[in-house]
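K.L.:
Sequence and predicted structure, then a few things I'm wondering about:
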Amino acid sequence: MTLDCCSVLRQPVQYVLGFAIAALMGCAGAVAQQSTSGDSPAVDFDQYFDKGALRFELYQTGDAKNCTISLHEMFAEPYWAENKNHLITPFPYGKTRAMFYDVESGQLICVRQFDSMFSEYMTTGPARDGVSRVFEITVRCPMPRKPVKLVLENRNSAYEFIPVFERIVDPNDLHIRRESADLKDGIVEVQVTGDPQQRVDIVYLSEGYTAAEEGDFREDVHRISDFMFTQRPFEEYKDRFNVRGVFRASPESGTDEPAQRRYRSTNLNATFNTFDLDRYLLVEDNHAMHRMAAQVPYDTIIVLVNSKRYGGGGIGLDYCAGTSDHQHSALTLLHEFGHSFAYLADEYIGNVVYNDMYPEGIEPVEPNITRETNRDRIKWKHLLTPDVDLPTSLLDAAEAKKQQVVGAFEGGGYVSKGIYRPEQDCWMGKLDQDEGYCAVCTDAVRRMILMHAPDAR
């Protein structure tokens, strides 16, 4: 069965490809150029960082034109699972970026980029009408050895990064909370193949499972994880993944479904009808989610919601959520995981609540959609089918099943004109059991895997 994904995940506003990181150090400026290859500027991890991680819990408040960020709490965490050689994000993704500078030298030592619920909210009608809302965001970095300056920047309407928050943090600050991260939740080890800093570490978090349903959660995690590793490119890199689950009993079973006037008391307050989209399922309690995840090493989070409904959602480079018991739950989660892990765009056409998602003249930074039709400049030129026409005409459905044509098919990113996708069909456009990710999406996921886990030692 083929499913239209148009009511599941909506990506936030997108940005100019190949931007540079502008470092704000007094009156000086330093630039670290990003690429799409997965190569990062070298930073000596041991010179600047110690064991563990530092987590910042912040609030992002505003509307379509205004944004303020305020600090809520700081926590010491026991694990920093990410690759030590990629402290500066190599890919040009994300609506918000967190830049960490060594105060003594002014050296840019870590960059993390991500999206947030706020970055989606700011493109909605209420935000454009001036309705201000507050959302939680979480920023993590390795535990610094010496004081660091954290600078947070958001994209403005011209797709330029604008500073919105700055703070100097001493790692010996008494305000950094250092209580145990162990919340006594149940840990499920699906597979552990090696050192977290040499692996992609996935953590599944339980949501809406009661104490009596712990066995269901454990079975669901194994089932969905098993399915992932039957699909490309995950199957060829299975030994580069660590997969764990964290179980915490919710007071009630299920999740909120506001349109049906059904509400459940759960640990992370996941809910359908996010931004009034029927099947859009997200977690607004971002701080609680990261506190729960911090009990194990993790690079990326999957929130598994105990429900039979079709739906899901995700926030780029942060987490994704999906239901457990719909017949297409595993497919849906891989679609959402494409967004949250590899920053893939939706490739379908459909009405959304967002405005100006991909402005004219701006090349999307997602690896799988483009405005470019010149074969020498298109971002996936290395994967193009030889002699394919650009733009590429739609194929007969039977012919499309026979051959994998990589070109530039018009329609994607929710619009029918001016945006092009690599292949006629892909899981980022529709959920066909036999479709899988297209060649370009597969390549993007693979590059992200190899950034986290360059080898299987």
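P.N.:
Done, it's in.
K.L.:
contacts, neighbours, all on C-alpha from now
P.N.:
Will do.
K.L.:
For Gly411, what is the enclosing helix or strand?
P.N.:
Assigned by DSSP states H and E, Gly411 falls within strand 409-412.
K.L.:
Tell me the helices and strands packed up against that strand.
P.N.:
Applying 3 or more CA pairs under 8 Å, 6 or more residues apart in numbering; DSSP states H and E, we find strand 409-412 packed against strand 415-421.
K.L.:
can you list the weak-confidence ranges in the stretch 1-150 of the chain?
P.N.:
1-40 (pLDDT under 70).
K.L.:
Surely Leu394 and Ala408 touch.
P.N.:
No: look at Leu394 against Ala408 with CA atoms under 8 Å: they stay out of range, at 9.8 Å.
K.L.:
Please identify which of these two sits among more neighbours.
P.N.:
Ala408 (29 against 13; other CA atoms under 10 Å).
K.L.:
now that one: how far from Ser393?
P.N.:
Distance, Ala408 to Ser393, by CA to CA, to the nearest Å: 8 Å.
K.L.:
how far out from the middle of the chain is the helix or strand that contains Arg167?
P.N.:
Using DSSP H and E, Arg167 maps to strand 161-169. The chain centroid and the centroid of strand 161-169 are separated by 22 Å, computed with CA atoms, centre = their mean, to the nearest Å.
K.L.:
next one: stretch 266-280
P.N.:
Taking mean C-alpha positions (CA atoms, centre = their mean), stretch 266-280 and its chain are 17 Å apart.
K.L.:
Identify all contacting residues around the longest strand seen in the chain.
P.N.:
Looking across the chain with DSSP state E, the single longest strand is strand 49-62. Contact partners of strand 49-62, identified using CA atoms under 8 Å, 6 or more residues apart in numbering, comprise 67-80, 118, 122, 127, 131-145, 287.
K.L.:
Check stretch 384-403 too.
P.N.:
Thr373, Asn374, Arg375, Val405, Val406, Gly407, Ala408, Phe409, Glu410, Tyr420, Gln424.
K.L.:
Please repeat the previous calculation with a cut-off of 10 Å.
P.N.:
372-375, 378, 404-410, 420-425, 434-435, 439-440 (CA atoms under 10 Å, 6 or more residues apart in numbering).
K.L.:
sorry, back to before: buried residues of the strand holding Arg167, list them for me.
P.N.:
Neighbour-count burial for strand 161-169, counted by 16 or more other CA atoms under 10 Å, picks out Phe161, Pro163, Val164, Phe165, Glu166, Val169.
K.L.:
Output those residues as CSV; include the columns pLDDT and distance to Met228.
P.N.:
Listed next are the buried residues of strand 161-169 as CSV, based on pLDDT from 0 to 100; distance: CA to CA, whole Å:
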residue, pLDDT, distance to Met228
Phe161, 87, 35
Pro163, 95, 38
Val164, 95, 38
Phe165, 97, 38
Glu166, 98, 39
Val169, 98, 40
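K.L.:
Can you tell me which of these is closest to Val151?
P.N.:
Using CA to CA, Glu166 is the member of those that lies nearest Val151, at 4.5 Å.
K.L.:
re earlier: paired strands for the strand holding Arg167, with orientation please.
P.N.:
Paired strands of strand 161-169, with direction, are strand 148-155 (antiparallel) (DSSP bridges).
K.L.:
helix or strand right after the longest strand of the chain?
P.N.:
By DSSP H and E, the next helix or strand past strand 49-62 is strand 67-77.
K.L.:
can you give me the strands in the stretch 251-400 of the chain?
P.N.:
In the stretch 251-400 of the chain, the segments counted as strands under DSSP state E, counting those that start in this stretch are 270-271, 282-283, 300-305, 312-315, 319-323.
K.L.:
Any chance of a markdown table for those strands, columns mean pLDDT?
P.N.:
Formatted as a markdown table, the strands of the stretch 251-400 of the chain follow (pLDDT from 0 to 100):
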| stretch | mean pLDDT |
| --- | --- |
| strand 270-271 | 98 |
| strand 282-283 | 98 |
| strand 300-305 | 98 |
| strand 312-315 | 96 |
| strand 319-323 | 98 |
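K.L.:
nearest to Pro364, of those?
P.N.:
strand 312-315 (16.7 Å).
K.L.:
Centre of the chain to that closest one, how far?
P.N.:
8 Å.
K.L.:
What mean pLDDT does the strand holding Gly411 get?
P.N.:
The pLDDT scores in strand 409-412 average 96.
K.L.:
Go ahead and produce PDB holding the CA coordinates of that strand.
P.N.:
Provided in PDB are the C-alpha atoms of strand 409-412 (Å, rounded to 0.1, in the frame of the first residue of the first chain):
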ATOM      1  CA  PHE A 409      11.700  15.500 -11.200                       C
ATOM      2  CA  GLU A 410       9.700  18.700 -10.600                       C
ATOM      3  CA  GLY A 411       7.600  18.800  -7.400                       C
ATOM      4  CA  GLY A 412       8.800  18.500  -3.800                       C
END
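K.L.:
Buried residues, it. List them.
P.N.:
Applying 16+ other CA under 10 Å to strand 409-412 flags Phe409, Glu410, Gly411, Gly412 as buried.
K.L.:
Check stretch 93-105 too.
P.N.:
So for stretch 93-105, counting by 16+ other CA under 10 Å, buried means Tyr93, Gly94, Lys95, Thr96, Arg97, Ala98, Met99, Phe100, Tyr101, Asp102, Val103.
K.L.:
So which of the residues you listed sit within helices?
P.N.:
Judged by DSSP state H, helices contain none of the buried residues of stretch 93-105.
K.L.:
Distance check, the most far-flung residue of the chain relative to its centre against Pro422.
P.N.:
For the chain, the largest distance from the centre (CA atoms, centre = their mean) belongs to Asp387, which lies 34.3 Å off. Taking CA to CA as the measure, Asp387 falls 14 Å from Pro422.
K.L.:
Using ChimeraX, define a selection of the buried residues within the contacts of stretch 384-403.
P.N.:
Selection of buried members from those for ChimeraX, criterion 16+ other CA under 10 Å:
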select :372,373,375,378,405,406,407,408,409,410,420,421,422,423,424,425,439,440
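K.L.:
From the contacts of stretch 384-403, which land in helices?
P.N.:
The helices, defined by DSSP H, take in Ala439, Val440 from the contacts of stretch 384-403.
K.L.:
quick one: Phe56 and Pro171, what's the gap?
P.N.:
12 Å.
K.L.:
what do those two both touch?
P.N.:
Ala76.
K.L.:
Among these two, which residue is more densely surrounded?
P.N.:
Neighbour totals were compared for Phe56 and Pro171, and Phe56 leads with 20 against 16 (other CA under 10 Å).
K.L.:
residue ranges of the helices in the stretch 201-350 of the chain, please?
P.N.:
Under the criterion DSSP state H, counting those that start in this stretch, the stretch 201-350 of the chain contains helices at 214-228, 286-293, 329-342.
K.L.:
Tell me which of the ones you listed sits most buried.
P.N.:
The highest mean neighbour count among the helices of the stretch 201-350 of the chain, using mean count of other CA atoms under 10 Å, belongs to helix 329-342: a mean of 26.
K.L.:
Alright, calling it a day.
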